[in-house]
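A.B. asks: kindly return the folded structure for what I paste below:
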Amino acid sequence: MDADSDRIVFDRVDFAYPGERRPVFTDLALAIPPGVVSFIGQNGSGKSTALLLAGGRLLPRSGRVRIMGRDSRDLADETERDRYVSFVYQNLEFETEEPIGTLMERVFETGFAADRDPALIEELKKVLELDGILAKQTQHVSKGELQRAIIAFSLLYGSRTIMMDEPIFALEERQKERVMDFVSDYARTRALSVCYSVHELDLSRKYSDWTVLFSKDHRATVGRTEAMHAAAALERAYEIPYALLRQKEYLYREGLNRTLN
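C.D. replies: Numbering: from 1, shown residues only. This next block holds a predicted model:
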């Protein structure tokens, strides 16, 4: 078992959003190992909330979240918290005065990347297909282009762990594979951790070392990806037969592609 200094641990965590009567989590105990970890489960099962708690962006109502040995409540200073873990929000939109190319250099210069190799900037431009938007501001690019730029920012920043909430939802199918290939290899090569939520089960199965599987009642189980993707485990969590789950996933991808195109 990994030491707490390498893990993110939920210790009997209760959490509810302000104004909501029903809690999202009650007495949640979970130890997220280092490595590439996917979060999967039905919509509304708590994946995004768990990522936000694990990243110190939300605090539990009771219990503790320990981020690499530190209580998330003790990471109130934004710079100190970001040294441990940075966050890529789902469907994030923001406006900037500087173009994306300049922002990439600025993020790299002010971040925590240990190797400080400027070649990473050029590599990300190529892998994430950013050359065509480097002179543009974030408010003047498409949703998919912005998402690829945000992924670049997160890697350039150099936190020890990166939380990504649906980071590739707006990307074309070919780009999803290309981006996840690079991100997973990058994390393993540099002994970083990446936790990401994803709807496409095939992407979770192919790219993650570990999987956190959320059920409809907001329980969560973590295990090796192969075990969490066993038909019986997925059927319990999604509450539908495995064959129908695969069909539902196919229809989701088809619908998403039509929306983006």
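A.B. asks: excluding sequence neighbours, find me the nearest residue to Gly56.
C.D. replies: When the adjacent residues along the chain are set aside, Gly56 lies closest to Ser72, with 4.2 Å between them (Cβ to Cβ, 6 or more residues apart in numbering). Heads up, the C-betas are built off the backbone N, CA and C, glycines and all.
A.B. asks: what about that neighbour, how many neighbours?
C.D. replies: Residues contacting Ser72 under the criterion other Cβ atoms under 10 Å number 24.
A.B. asks: what's near enough to touch it?
C.D. replies: Taking Cβ atoms under 8 Å, 6 or more residues apart in numbering as the contact definition, Ser72 lies against 53, 56, 59-60, 64-66.
A.B. asks: hmm, which of these are the buried ones?
C.D. replies: 53, 56, 59-60, 65-66 (16 or more other Cβ atoms under 10 Å).
A.B. asks: now do the buried residues in stretch 185-193.
C.D. replies: 186-187, 192-193.
A.B. asks: residue boundaries of the strands in the stretch 101-250 of the chain?
C.D. replies: For the stretch 101-250 of the chain, strands defined by DSSP state E, counting those that start in this stretch occupy the ranges 161-165, 193-197, 210-214, 220-224.
A.B. asks: what residues does stretch 201-214 touch?
C.D. replies: By Cβ under 8 Å, 6+ apart, the list of residues contacting stretch 201-214 from outside reads 30, 32-33, 35-42, 45-47, 50, 168, 176-177, 180-181, 183-184, 195-196, 198, 220-226, 228-229, 233-234, 237, 245-246, 249.
A.B. asks: I meant stretch 82-95, not that one.
C.D. replies: The set of residues external to stretch 82-95 that reach it, using Cβ under 8 Å, 6+ apart, is 8, 48, 51-52, 54-57, 67-68, 70, 75, 112, 137-139, 143, 146, 150-151, 154, 157, 159-167, 169-170, 197.
A.B. asks: any idea how far that stretch is from the middle of the chain?
C.D. replies: Chain-centre distance of stretch 82-95: 10 Å, with Cα atoms, centre = their mean, to the nearest Å.
A.B. asks: let me see the mean pLDDT of it.
C.D. replies: Within the predicted structure, the mean pLDDT of stretch 82-95 is 88.
A.B. asks: can you tell me how far Leu34 sits from Met68?
C.D. replies: Just so we're on the same page, residue 34 is Pro rather than Leu. As defined by Cβ to Cβ, to the nearest Å, Pro34 lies at a distance of 9 Å from Met68.
A.B. asks: which residues do those two both contact?
C.D. replies: Each of 6-7, 161 lies in contact with both Pro34 and Met68 under the rule Cβ under 8 Å, 6+ apart.
A.B. asks: any chance of those in a markdown table, with distance to Val85 and pLDDT too?
C.D. replies: As requested, those are arranged in a markdown table below (distance: Cβ to Cβ, whole Å; pLDDT from 0 to 100):
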| residue | distance to Val85 | pLDDT |
| --- | --- | --- |
| Asp6 | 13 | 77 |
| Arg7 | 12 | 92 |
| Thr161 | 4 | 94 |
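A.B. asks: could you single out the nearest of those to Lys216?
C.D. replies: Of all the shared contacts of Pro34 and Met68, Arg7 has the smallest distance to Lys216: 25.8 Å, by Cβ to Cβ.
A.B. asks: and the closest one, what does it touch?
C.D. replies: Residues in contact with Arg7, defined by Cβ under 8 Å, 6+ apart, are 31-34, 66, 68.
A.B. asks: just the pLDDT at the residue nearest in space to the middle of the chain, thanks.
C.D. replies: If you average the C-alpha coordinates of the chain and look for the closest C-alpha using Cα atoms, centre = their mean, you land on Met164, 2.0 Å from that point. Each residue has a pLDDT score; the one for Met164 is 96.
A.B. asks: with Tyr250 instead?
C.D. replies: Among the per-residue scores, Tyr250 shows a pLDDT of 58.
A.B. asks: likewise Ala76?
C.D. replies: At Ala76 the predicted local distance difference test score is 85.
A.B. asks: that'll do, ta.
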